[in-house]
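1. Build me a structure from this.
(chains A and B)
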Number of protein chains: 2
Amino acid sequence: MDPRVSALPFDLHAWSNAHLLRVEQALSQWVSTETPTGVDHGAPAALVAAMRYAVLDGGKRLRPLLVMAAFEATQAEPSEDVPTAEAALRAACAVELIHAYSLVHDDMPCMDNDVLRRGKPTVHVQFGEASALLAGDALQALAFELLTPGSEVVSERRQASLCRQLARAAGSAGMAGGQAIDLASVGHALSEHQLRDMHRLKTGALLQASVMMGATCGQPTPAALAALEVYGAAVGLAFQVVDDILDVTADSATLGKTAGKDADQDKPTYVSILGLERSQAYAQELLAQALGALEGSGLAQTRALAGLAKMVVNRSS
Amino acid sequence: MDPRVSALPFDLHAWSNAHLLRVEQALSQWVSTETPTGVDHGAPAALVAAMRYAVLDGGKRLRPLLVMAAFEATQAEPSEDVPTAEAALRAACAVELIHAYSLVHDDMPCMDNDVLRRGKPTVHVQFGEASALLAGDALQALAFELLTPGSEVVSERRQASLCRQLARAAGSAGMAGGQAIDLASVGHALSEHQLRDMHRLKTGALLQASVMMGATCGQPTPAALAALEVYGAAVGLAFQVVDDILDVTADSATLGKTAGKDADQDKPTYVSILGLERSQAYAQELLAQALGALEGSGLAQTRALAGLAKMVVNRSS
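-> Model prediction:
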């Protein structure tokens, strides 16, 4: 980005579109039967088809955008620094692959048993349960493969750090752990504290990791890193609070998935515990926390991060 | 190992037991609700219980032993080099976690629908399908977490290389890809060539990666690496040929899993394509290939690798 445009009003939509174009292209290139160098590496076409169906042409790509925004905020000099930008692009795609695999497995009959996702039949409906299971497994592996290119296009220090952060966010102390708590909580009363712990793992860990992985591709100060952790935690939790609100207030067509599912499945949500009005106030409070962290971060270029936080809280789907 | 013992006959059983003790201890320590530094990192206990059930107290640990043997063969000086030995131990556990997760998912009703594994009820029978799905997912993530410790106990160069190899071996061009071909092949006639391609991915990729990851923790020459690739490919294929043979010749009690399953499910196997006798001859041919590669490797300390290759081919379960 040209620093001279900083004085102009920030257009999140245009910023997002520019980055989404690159992310979509990269995902389409990397989730394929070919390696990035064009060599067919022997992956069976049927499996890759299910993986592509799960990843491409859908989704808000919030996580990749958080990676790109945090990278942009922590670049010492916004420039055409191709190797580092490549690291951020790979990180952006990797977090989306983890997110996509989790949706595939989460939709399966033994989990949420959902048939509609992003307005399309879910992967197991389209390809069968066994293929959905394998496609999810392969997407998780591919995320780590993307983070570890053989060449020096990403420094080995960054490769190791990115894998470390993603593995922790995805595993038993992150996303998978949160889903296990979610599973065990159906039909049980949870306190607000327990609900927050569940969501901190289930969706918060990967959203926060997206922010921190983007920063890992930049050159953040320790103070900036600490501020981004607070930002990431607040945005991660806000995302879930708003998700719970939308499950009550929006319809299936707007959401692109089945609305009212939480209440039907007797799942504890922020709305069921706090009520609708207090949940909405809480989302605004979390937004203020996120924006406050950015203001105290010492970072100059935080407009995209701020814009994404507002988008998360004020979205209608 | 003390170099002075080299003149004594090699006792694979004693060698394996010594290494297995360390691997079992490390797996028990690392598949837990605590981090290696003893801090509870918030993983839900129910999920960790399913993960531990899937990993601990069972299995031949062939993959970890291949890691340790290849590491031992490629150490410039067998010594008390703790940091590098720690890398090998982490790699050994990581490949086993990938293997364990693949068994959990493979046993699920939508895949092989098996109820018995290592003489125990399979994970989904014991914990339910949803927990089995999540436990497998979390085990895959944990494998990459183990390979990327925050400290310098493993160099960042090795961390990146180990993650790269494991991700490729586990993903769509490796194990998951092979399972997808397997799935699509039920009830179809396969040529020997197609069968080999399937197994090269399904089981061969991770077995070969175990060898190469062990070598990554050592200091191999390029010639030694090339020889170990041949060794790993031969042992990987031999493992599957023998598996197919045992499915016909052994009983369930000996195998610790359901025997005769391949024929019942109309799956193409080496025995169904080559017949029993030619399959047995082929396994011996692959063993000779593996041992020949070791002889030409220029490596001095290959007795454990040779012993493991013989064990793979001559095992009875």
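
2. Just the element for the residue lying closest to residue A:147 once chain neighbours are set aside, please.
-> Spatial nearest neighbour of residue A:147, excluding adjacent residues (Cβ to Cβ, 6 or more residues apart in numbering or on different chains): residue A:162 at 4.6 Å. For the C-beta atoms, the positions are set from N, CA and C on the backbone; glycine is no exception. Taking DSSP states H and E as the criterion, residue A:162 maps to helix A:156-170.

3. and that helix, average pLDDT?
-> The average pLDDT for helix A:156-170 rounds to 96.

4. Enumerate the residues of the stretch 201-317 of chain A near chain B.
-> residue A:201 (Cβ under 8 Å from any Cβ of the partner chain).

5. on that earlier part again, state the number of residues packed around the residue nearest to residue A:147.
-> Residues lying near residue A:162 (other Cβ atoms under 10 Å in any protein chain shown) number 32.

6. check contacts around it.
-> Shown in contact with residue A:162 (Cβ atoms under 8 Å, 6 or more residues apart in numbering or on different chains): A:87, A:90, A:91, A:94, A:147, A:154, A:213, A:216, A:217.

7. List just the nearest of those to chain B.
-> residue A:147 (7.2 Å; Cβ to the nearest Cβ).

8. residues near the closest one, how many?
-> Residue A:147 has 32 neighbouring residues, counting by other Cβ under 10 Å.

9. Surely it and residue A:165 touch.
-> No - taking contacts as Cβ atoms under 8 Å, residue A:147 lies outside contact range of residue A:165: 9.5 Å.

10. re earlier: quick one: the residue nearest to residue A:147 and residue B:309, what's the gap?
-> Relative to residue B:309, residue A:162 is positioned 36 Å away (Cβ to Cβ, to the nearest Å).

11. With residue A:52 instead?
-> 39 Å.

12. same deal with residue A:125?
-> Counting by Cβ to Cβ, the gap from residue A:125 to residue B:309 is 45 Å.

13. the more surrounded of the two?
-> Neighbours per residue (other Cβ under 10 Å) separate residue A:125 from residue B:309, with residue B:309 holding more: 27 against 17.

14. my read: the more buried one touches residue B:290, true?
-> Yes - counting by Cβ under 8 Å, residue B:290 is a contact partner of residue B:309 at 4.3 Å.

15. any residues in contact with both of the two?
-> B:231, B:234, B:235, B:238.

16. what's the neighbour count on residue A:236?
-> What residue A:236 shows, counting by other Cβ under 10 Å, is a neighbour count of 26.

17. Work out for me the element it sits within.
-> helix A:222-249.

18. which of the residues in that helix are buried?
-> Buried residues in helix A:222-249, defined by neighbour count with 16 or more other Cβ atoms under 10 Å in any protein chain shown: A:224-225, A:227-228, A:230-248.

19. for chain A, which residue is closest to the average position?
-> Ranked by distance to the mean C-alpha position of chain A (Cα atoms, centre = their mean), the top residue is residue A:63 at 2.9 Å.

20. packing partners for the helix or strand encompassing that one?
-> Per DSSP H and E, residue A:63 falls inside helix A:62-74. Applying 3 or more Cβ pairs under 8 Å, 6 or more residues apart in numbering or on different chains; DSSP states H and E, one finds that helix A:62-74 contacts helix A:12-30, helix A:82-107, helix A:205-216, helix A:222-249, helix A:303-314.
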